[in-house]
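Sharing a model that was predicted from the sequence below.
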Amino acid sequence: MMADVAQVETLRHFRIPGLVADNKWSVGFDPVTVADRAAELAMRKVLAEMRPDDAILGEEFGYCEGTSGLTWVLDPIDGTRGYISGTPTWGVLISVRDETGPFFGMI
């Protein structure tokens with residue numbers, strides 16, 4: 001379900017002329033687009049509805065504490081530079097971990 005909502009948000013903006021990338025860093029270049037933010041927000045909404053006690057660590061919006069002992073790690077667009085240039089060299093990364101480390105991941 002999280003991959004589905006991320007797909008909708010990322011493809012909505014992919015290869016659209018005029019897509020703007022902001023730089024997250026003051027030194028160097030780490031691009032972020034409206035698609036990065038929209039996809040992460042959509043995944044966070046799914047988690048809030050289905051797994052409200054889990055923590056979330058997202059690349060765009062940081063950490064949100066949980067009480068279940070599980071943490072979802074989200075990268076809404078891994079390969080934003082490729083995404084911006086319109087090449088199919090990007091993907092959505094989703095994983096979940098507990099106190100022992102990651103135990104599930106999806107690209």
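Arrived safely, thanks for sending.

who's in contact with the longest helix seen in the chain?
Criterion DSSP state H: the longest helix present in the chain is helix 34-50. If you take Cβ atoms under 8 Å, 6 or more residues apart in numbering as the criterion, helix 34-50 is touched by 1-2, 5-6, 8-10, 12-14, 19-20, 54, 56, 58-61, 64, 72, 74, 76-77, 80, 83, 92, 94. To be clear about C-beta, it is placed using only N, CA and C from the backbone, and glycine gets the same treatment.

Flag every buried residue along it.
35-40, 42-44, 46-47 (16 or more other Cβ atoms under 10 Å).

Quickly run through the sheet partners of the helix or strand that it is followed by, with directions.
Sequence-wise, the next helix or strand downstream of helix 34-50 (DSSP states H and E) is strand 55-58. Using DSSP bridges, strand 55-58 pairs in its sheet with strand 62-64 (antiparallel), strand 71-78 (parallel).

Go through those and pick out the most buried.
strand 71-78 (a mean of 22; mean count of other Cβ atoms under 10 Å).

name the helices or strands packed onto the next helix or strand along the chain from that strand?
Once the chain leaves strand 71-78, the next helix or strand it forms, by DSSP H and E, is helix 80-85. In terms of contacts (3 or more Cβ pairs under 8 Å, 6 or more residues apart in numbering; DSSP states H and E), helix 80-85 is packed against strand 31-33.

Just the mean pLDDT for the strand it packs on, thanks.
What strand 31-33 shows for mean pLDDT is 94.

With stretch 95-107 instead?
The model assigns stretch 95-107 a mean pLDDT of 96.

would TSV of the strands paired with strand 55-58 with mean pLDDT and distance to Thr87 be doable?
Formatted as TSV, those follow (pLDDT from 0 to 100; distance: least, Cβ to Cβ, whole Å):
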stretch	mean pLDDT	distance to Thr87
strand 62-64	97	28
strand 71-78	98	12
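
Put together TSV for those strands, with distance to Lys24 on each row.
Formatted as TSV, the strands paired with strand 55-58 follow (distance: least, Cβ to Cβ, whole Å):
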stretch	distance to Lys24
strand 62-64	12
strand 71-78	12
